[in-house]
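*Asks:* Prediction below, plus the sequence it came from.
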Amino acid sequence: MDELSAIETWATTLLRKLEAPARRKAMRAIAVKLRRSQQGRIAQQRNPDNSAYTPRKPRPKRHLRDKAGRIKRKAMFAKLRQARYLRVESDAQGLAIGFMGRIARVARVHQLGERDRVARNGPEYKYPARVLLGFSDADRDMIRNELLNHITE
């Protein structure tokens, strides 16, 4: 049983005790906090197991004034973690957090470590897996605490 199934099984029994409007409210609160947690972890460049992302491949040094084709050495996935791309959907039945639109393809390539083209007509590269979305121990604790807070209200 994977970690998502385990959380789902545990949470289902607790959520059955709530009416639909209360479930919807609980799901929304959990989804928003979970997205915030994922955004923070992506900003820190960490996998859910708290290991660091594999760094970018080093580029060969060119002429000092050559800026064409450079890789910016800023944090990866700065735009990807914005709420505009990292969407939340929730209702009384469940919640979903994921990337929407064309950006979802980029996220999938990095999440699963797939092969993709570096640029439109550029070379193919096998990207290392950098887990963008996943459950950390802190996320599991937060989900449990939020569910218990909504049930005891």
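*Replies:* Sure, I can see it.
*Asks:* Where do the strands of the protein begin and end?
*Replies:* Remark: strands assigned in the chain by DSSP state E are 86-90, 95-99, 115-117, 124-126.
*Asks:* Other residues contacting the last one?
*Replies:* Okay, so that is strand 124-126. For strand 124-126, contacts defined as CB atoms under 8 Å, 6 or more residues apart in numbering pick out K57, G113, E114, R115, D116, R117, V118. Any C-beta I mention is one placed from the backbone N, CA and C, and that applies to glycine too.
*Asks:* Tell me the pLDDT of the nearest residue to the fifth one once chain neighbours are set aside.
*Replies:* Yep, that's D116 we're talking about. The shortest distance from D116 to any non-neighbouring residue, by CB to CB, 6 or more residues apart in numbering, is to V109 (4.6 Å). Here the pLDDT value assigned to V109 is 95.
*Asks:* how long is stretch 124-132 end to end?
*Replies:* By CA to CA, to the nearest Å, the extent of stretch 124-132 from end to end equals 21 Å.
*Asks:* Can you list the buried residues in that stretch?
*Replies:* Using 16 or more other CB atoms under 10 Å as the test for burial, stretch 124-132 gives Y127, R130, V131, L132.
*Asks:* ok, now how distant is the residue lying closest to the third one once chain neighbours are set aside from P21?
*Replies:* Taking CB to CB, 6+ apart as the measure, V131 lies nearest to N47, with 4.5 Å between them; neighbours along the chain are not counted. Noted for N47: a distance of 36 Å to P21, by CB to CB, to the nearest Å.
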